[in-house]
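Visitor: Predicted model follows, preceded by the sequence.
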Amino acid sequence: MTSPINRTVGYKSLEIGFPFKYYEEFMIDCPNPNYGWNLNNLILDIIITLIIVSGIMYFVNKNVLQQRV
């Protein structure tokens, strides 16, 4: 199994997501990691990213079009 926390010495955890954590992986028993998804947080992260990127593209295109006229 390929995983950043798949180690036999020491227990590590992996958390993905900003600003909301939507994936978590951690060790309970040494060779087998436990993992879980939080789909509500994933959807919120996607919506926030779309709003931010759309806002940036709107203002960039608005400024480019004003300079051409």
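Guide: It's in.

Visitor: Please spell out which residues along the helix or strand hosting Val60 are buried.
Guide: In this structure, Val60 sits in helix 39-68 according to DSSP states H and E. Neighbour counts over helix 39-68 (16 or more other Cβ atoms under 10 Å) mark Leu42, Asp45 as buried. To be clear about C-beta, it is placed using only N, CA and C from the backbone, and glycine gets the same treatment.

Visitor: Mind giving me the packing neighbours of it?
Guide: Applying 3 or more Cβ pairs under 8 Å, 6 or more residues apart in numbering; DSSP states H and E, we find helix 39-68 packed against no helix or strand.

Visitor: in the protein, which residue is closest to the centre?
Guide: In the chain, the C-alpha nearest the mean C-alpha coordinate belongs to Gly17, at 3.2 Å (Cα atoms, centre = their mean).

Visitor: so who does that one touch?
Guide: Neighbouring residues of Gly17 by Cβ atoms under 8 Å, 6 or more residues apart in numbering: Tyr23, Asn38, Asn41, Leu42, Asp45.

Visitor: go again using 7 Å as the cut-off
Guide: Tyr23, Asn41, Asp45 (Cβ atoms under 7 Å, 6 or more residues apart in numbering).

Visitor: and the residue nearest to Leu44 when sequence neighbours are not counted, which of the three is it?
Guide: Nearest non-adjacent residue to Leu44, counting by Cβ to Cβ, 6 or more residues apart in numbering: Phe20, 5.4 Å away. Three-state call for Phe20 (DSSP: H, G, I helix; E, B strand; the rest coil): coil.

Visitor: quick one: low-confidence ranges for the chain?
Guide: Residues of the chain meeting the criterion pLDDT under 70: 1-11, 29-33, 69.
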